[in-house]
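*Asks:* coords below, sequence missing:
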């Protein structure tokens with residue numbers, strides 16, 4: 001059980017890091033559904049700036065973990081679920097995974113796609129799709 005607690009602690013620390021980063025963008029994140037729109041706005045700006053900034057792979061990875069954990073925590077707080085570390089489908093690496101309503105979400109990977117592949121991977125649109133699916137799933141916990 002200690003491993004589970006340490007994963008939860010790590011996720012919460014990354015999510016809090018996102019809250020602190022958001023302040024640098026004059027945004028306040030409160031783990032509400034609407035705050036995901038703020039995250040999308042921040043990520044859109046970061047995606048535009050990344051080519052000029054040329055961040056390291058490690059820096060991009062840390063950003064993806066922070067914003068992904070925040071996004072995942074918004075989903076988890078609304079619908080329940082548990083965090084784990086699992087191999088990403090079709091790849092050879094492990095990533096933070098939110099198991100909720102019989103589905104597996106990989107929010108850090110979604111953030112990575114948003115930063116590197118553009119508007120088609122909009123975080124707010126993704127959240128709305130997840131919400132629609134989870135609200136239709138019997139047993140999802142709504143708060």
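*Replies:* Yes, it's here. These numbers were taken from a predicted model, which means no experiment stands behind them. Numbers count the residues shown, from 1 in each chain.
*Asks:* would you list every one of the strands in this structure?
*Replies:* The residue ranges that make up the strands of the chain, judged by DSSP state E, are 82-87, 94-100, 103-105.
*Asks:* format the ones you listed as JSON lines; extra columns: mean pLDDT and mean neighbour count.
*Replies:* Every C-beta, even on glycine, is put in place using the N, C-alpha and C of the backbone. Converted to JSON lines, these look like this (pLDDT from 0 to 100; neighbours: other CB atoms under 10 Å):
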{"stretch": "strand 82-87", "mean pLDDT": "92", "mean neighbour count": "14"}
{"stretch": "strand 94-100", "mean pLDDT": "93", "mean neighbour count": "20"}
{"stretch": "strand 103-105", "mean pLDDT": "92", "mean neighbour count": "17"}
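*Asks:* nearest to residue 128, of those strands?
*Replies:* Using CB to CB as the criterion, the shortest distance between residue 128 and these is 13.6 Å, found for strand 103-105.
*Asks:* so where's this protein shaky on pLDDT?
*Replies:* Per-residue confidence of the chain (counting by pLDDT under 70) places the weak regions at 1-5, 138-143.
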